[in-house]
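J.: give me a model of this one.
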Amino acid sequence: MSDAAVAVAGLTKSYRKGKEKVEVLHALDLEVPDGDFVALMGPSGSGKTTLLNLIGGLDQPDAGEIRVRGKHIERLSGRQLAHWRSRQVGFIFQFYNLLPVLSAQRNVELPLLLRRMSRKERRERALNALEIVGLADRASHYPRELSGGQEQRVAIARAIVSDPALLLADEPTGDLDRSTAEEILGLLSALNSDHGKTIVMVTHDPAAAAYAKRTVHLDKGRLARAA
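T.: Numbers count the residues shown, from 1 in each chain. From the prediction side, this is the model:
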């Protein structure tokens, strides 16, 4: 396996559905070079989100290797994975998962609570992340005071506040109107081109995939074609 930002080999994953074993990924191989922006596309049940979760260390494979920036994460314990995720990966989801009782700034600070740093440093890093996503003037606002697009920007700020090299996005614009979705996709593109973030994004939308540098198609747990 190469020194790509992400390299998986022979990746296999199955789940139990009652007494039936359902194989979601079948000996899949994929490399994502450092600085790439990849869109994962495919029909429902093709294994897109499963692959994303495995790359992010949220799940463990049945077989195969997952190497992220040189580290074999399939060999890590649960505690080691949690420590690794808090520093190496930023997650962006379709639903923003913001805590309604916290301001935008405090929501962004949450990942930093796992790190040894002062309250002042957490605040400075959160404000910097909010500035990058264009919401420095909304730092004290609560989720209920923000639009859907602004909430997703706060979620993106939370994903980048630890300065991870890898961002994993699962349908990040699935709950947004077209205009707002284009703003968010433009922001992701800027994070890739201007800030050097490697991005792997699951999407069903060809218009969203067009913002990526290339598209990988999955079908029934196998790589169908790449563009």
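J.: so which residues of this structure form strands?
T.: Per DSSP state E, the chain carries strands over the ranges 6-17, 20-32, 37-41, 63-68, 71-72, 89-93, 166-170, 198-202, 214-219, 222-226.
J.: quick check: which of these is nearest to L114?
T.: L114 lies closest to strand 89-93 among the strands of the chain, at 12.7 Å (Cβ to Cβ). Where you see a C-beta, it was placed from the backbone N, CA and C, and this is true even at glycine.
J.: ok, the residue positioned nearest the centre of the chain - contacts?
T.: Closest to where the C-alpha atoms of the chain average out (Cα atoms, centre = their mean) is L168, at 1.6 Å. Applying Cβ atoms under 8 Å, 6 or more residues apart in numbering, we find L168 in contact with L52, I55, G56, V89, G90, F91, I92, I199, V200, M201.
J.: the spatially closest residue to it that is not a sequence neighbour and L146, how far apart?
T.: Spatial nearest neighbour of L168, excluding adjacent residues (Cβ to Cβ, 6 or more residues apart in numbering): G56 at 4.8 Å. Plainly put, G56 is 26 Å away from L146 if you go by Cβ to Cβ, to the nearest Å.
J.: between the two, who's got more neighbours?
T.: More crowded of G56 and L146, by other Cβ atoms under 10 Å: G56, with 24 against 18.
J.: from F37, how far off is the more buried one?
T.: 16 Å.
J.: likewise L167?
T.: Distance, L167 to F37, by Cβ to Cβ: 9 Å.
J.: tell me which residues of the longest helix along the chain are tucked away?
T.: In the chain, taking DSSP state H as the definition, the longest helix is helix 178-195. Buried residues in helix 178-195, counted by 16 or more other Cβ atoms under 10 Å: T180, A181, E182, E183, I184, L185, L187, L188, L191, N192.
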